[in-house]
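S.K.: Structure here, sequence nowhere to be found:
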């Protein structure tokens, strides 16, 4: 009986480790500061949600559907290199002094590496938000969103 319980626990543990890296949380710095959350849908795509302070002058929520375009094994001992691209939308408030409603289309193109020995990834990305601000002092085209380059670090679990 003890052996059977041990084998069942071993199987459950191994299955949980096989599926362990479906989520990621992290930070991104660039055209503002962002807290990010990723959820894998399959080995080829994932959803990414960010809570951001765009240009350090507002608050926005962005959702992007990403595809894993390419993977390279340039450094087989240390990390896997990748290129992701995606599209989604953004909604929020811009300009803390006289807030206007921000909404637009968001894109993403990220190049990075995921380390093999630790569940951490580092990436350089371009994440434009092409949109508009309605109301407030900054009404009109959301100019800072077009120049949104950044660096991100994420912990995968």
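M.R.: Sure thing, it's come through. As the structure is a prediction and not an experimental result, all values here were calculated from the model. Numbers count the residues shown, from 1 in each chain.

S.K.: Run a quick neighbour tally on residue 106.
M.R.: 24 (other C-beta atoms under 10 Å). For every residue, glycine as well, the C-beta is placed using N, CA and C.

S.K.: who's it bridged to?
M.R.: Taking DSSP bridges, one obtains residue 88, residue 129 as the residues bridged to residue 106.

S.K.: Could I get the contacting residues of it?
M.R.: Counting by C-beta atoms under 8 Å, 6 or more residues apart in numbering, residue 106 touches 62, 63, 64, 87, 88, 89, 90, 127, 128, 129, 130.

S.K.: helix or strand for residue 97, which one?
M.R.: Using DSSP states H and E, residue 97 sits in no helix or strand.

S.K.: these two touch, right, it and residue 58?
M.R.: No - counting by C-beta atoms under 8 Å, residue 97 does not reach residue 58; the two are 10.2 Å apart.

S.K.: The two: which is more packed in?
M.R.: The neighbour count for residue 97 versus residue 58, taken as other C-beta under 10 Å, is higher for residue 58 (22 against 8).

S.K.: which non-adjacent residue is nearest that one?
M.R.: residue 94 (3.7 Å; C-beta to C-beta, 6 or more residues apart in numbering).

S.K.: tell me which of the contacts of residue 106 is nearest to residue 43?
M.R.: residue 64 (17.8 Å; C-beta to C-beta).

S.K.: What distance do you get for that closest one to residue 29?
M.R.: 17 Å (C-beta to C-beta, to the nearest Å).
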